[in-house]
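*Asks:* sequence first, then the predicted structure:
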Amino acid sequence: MPVYEYKALDGSAKSTSGVIDAETPREAREKLRQKKIYVTDLTTVGEKSAPDPTKKPTFVSRLPLPKLGGGKRMAEVSQFTRQLSVLLRAGIPLTQSLNALVEQTQDRQMQTIIRDIRERVSSGTDLEAALAVHPDHFSSLFRSMVAAGQASGELDAVLGRVADFMQKQTRLRGKVSTALTYPAIMLFVSLAVVVFLLLFVVPQITVMMEKQDIEKPLPTLLVTGASDFMAQYWYLVIGGLFGMAGAFKWWKSTEKGEYSWHRFLLRAPLFGSLFTKTSVSRFATTFSVLLKSGLPALDSLRIVKEVVGNVALSKVIGQVHDSIVEGTDISTPIKKSGFFPPVVGYMISVGEQTGELENLLERIADAYDEEVDLAVQKLTAMIEPIMIVFMAVTVGTIIASVMLPLMEISSGGAR
């Protein structure tokens, strides 16, 4: 069905525009007229390609396919997945389900993407291939699960699992963001206070001490020296910070640097436990969902390796993949890695022996979701007093260093 882009006037004589699908331009105008939208310009923006009996039919789209923002994109894709699952479970054919979602979707950008997917599916392209045209919205994990659902004839159930998976990952990401946001804000405030004291407060007190010819003790000399350096060579300080950030980014972009950094994150003080539990939860959830969706273990591990989000764990998962190819079990490389908690390797071993690996993985994911909640609460409770003490010591040291000479003058004057 062709797609038309229109410019029109609504019932209030205000300009409006959009896209609509119809068999003919006349039908498109009639559909809009029923909505009290009066067309001033109508242009065809997409056409079906003529079917070729020697090759699989495809749809060549001329529709603009904009990108949604990260959080908004995740929410829109999750909603689309959930609604498509419900429609398919109700027995509505795929093309009609997509057509219903086009009419139901409020976001115009996502609506355009669903239109493109519907046209491709209508022209004979399978759903997985139609989704592959939009990799920014539908990841390889998403597409692989859809392909498995189509092959097994359980696309509706698989899409339901995908929607659950996306919601779970969104909640997990939110928990980690909450845990990291508070210390980041506290650190920023602390640095801002220190910079303000060094650049504006300390110089004024230094001038006053110089006028009165006050001898500066060692702490005062260090603080005033830092203040003078920042005031005179602030561009070196900023340049140095950017240089270190650039060097760190370059080092992390190297294979060895990225591995070392991700390994450090899993073992870092305070935050290491949170990152480890988050990664284990993502690994177990993704692996379980893929196995339940009908993907073979080897294919599932290849996908999990890409989405686990940590190079050190990805390397372990690669070893697990290789061990299966060699005919051994999954749990042994996990137990030997040193990154996965021992209980994870034990539960996976039990799952392999009982033939209920996907169910055991789901239990692991649920358990570590709760662990992430506890880790966030514990981390927040620990960081708050640490940051308060850090701010108190830093600011107190600066204030004490500039007040010491003044207190000596006051005590000398009193005598």
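*Replies:* It's in.
*Asks:* can you give me the helices for the stretch 1-150 of the chain?
*Replies:* When secondary structure is read from DSSP state H, counting those that start in this stretch, the stretch 1-150 of the chain shows helices at 25-34, 70-89, 94-104, 108-122, 127-132, 140-152.
*Asks:* average model confidence for the last one?
*Replies:* On average, the pLDDT along helix 140-152 is 78.
*Asks:* tell me how many other residues surround the residue lying closest to residue 263 once chain neighbours are set aside.
*Replies:* Nearest residue to residue 263, sequence neighbours excluded (C-beta to C-beta, 6 or more residues apart in numbering): residue 312, at 4.4 Å. Any C-beta I mention is one placed from the backbone N, CA and C, and that applies to glycine too. Residues near residue 312, counting by other C-beta atoms under 10 Å, number 21.
*Asks:* separation between residue 312 and residue 144?
*Replies:* 23 Å (C-beta to C-beta, to the nearest Å).
*Asks:* just to revisit the earlier point, just the helices of the stretch 1-150 of the chain: most buried one?
*Replies:* Ranked by mean neighbour count, the helices of the stretch 1-150 of the chain are led by helix 108-122 with a mean of 22 (mean count of other C-beta atoms under 10 Å).
*Asks:* so where is the stretch 1-150 of the chain shaky, pLDDT-wise?
*Replies:* Where the stretch 1-150 of the chain drops to pLDDT under 70, the residues are 1-2, 9-14, 38, 40, 45-72.
*Asks:* ok, now the stretch 301-415 of the chain?
*Replies:* 406, 408-415.
*Asks:* how about a cut-off of 50?
*Replies:* Along the stretch 301-415 of the chain, segments meeting pLDDT under 50 span 413-415.
*Asks:* centre of the chain to the longest helix seen in the chain, how far?
*Replies:* In the chain, with assignment by DSSP state H, the single longest helix is helix 357-414. Remark: helix 357-414 is offset 26 Å from the chain centroid, using C-alpha atoms, centre = their mean, to the nearest Å.
*Asks:* and what of stretch 230-237?
*Replies:* Relative to the centre of its chain, stretch 230-237 is centred 36 Å away, using C-alpha atoms, centre = their mean.
*Asks:* could you export that stretch as PDB, CA atoms only?
*Replies:* C-alpha atoms of stretch 230-237 as PDB (Å, rounded to 0.1, in the frame of the first residue of the first chain):
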ATOM      1  CA  MET A 230      45.400  28.200  39.500                       C
ATOM      2  CA  ALA A 231      44.800  31.900  39.000                       C
ATOM      3  CA  GLN A 232      47.900  32.400  36.800                       C
ATOM      4  CA  TYR A 233      48.000  29.100  34.900                       C
ATOM      5  CA  TRP A 234      44.300  28.100  34.900                       C
ATOM      6  CA  TYR A 235      44.600  27.200  31.200                       C
ATOM      7  CA  LEU A 236      47.300  24.600  32.100                       C
ATOM      8  CA  VAL A 237      45.000  23.100  34.700                       C
END
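*Asks:* how much space separates the most centrally placed residue in the chain from residue 337?
*Replies:* Nearest residue to the geometric centre of the chain (C-alpha atoms, centre = their mean): residue 173, 6.7 Å. To residue 337, residue 173 is 24 Å away according to C-beta to C-beta.
*Asks:* who touches the residue nearest to residue 263 in this structure?
*Replies:* Taking C-beta atoms under 8 Å, 6 or more residues apart in numbering, we find residue 312 in contact with 259, 262-263, 266, 339.
*Asks:* what of residue 344?
*Replies:* Counting by C-beta under 8 Å, 6+ apart, residue 344 has contacts 280, 284, 334, 364.
*Asks:* am I right that it falls within a helix?
*Replies:* Yes - according to DSSP: H, G, I helix; E, B strand; the rest coil, residue 344 belongs to a helix.
*Asks:* and residue 215, how many neighbours?
*Replies:* A total of 10 residues lie near residue 215 under the criterion other C-beta under 10 Å.
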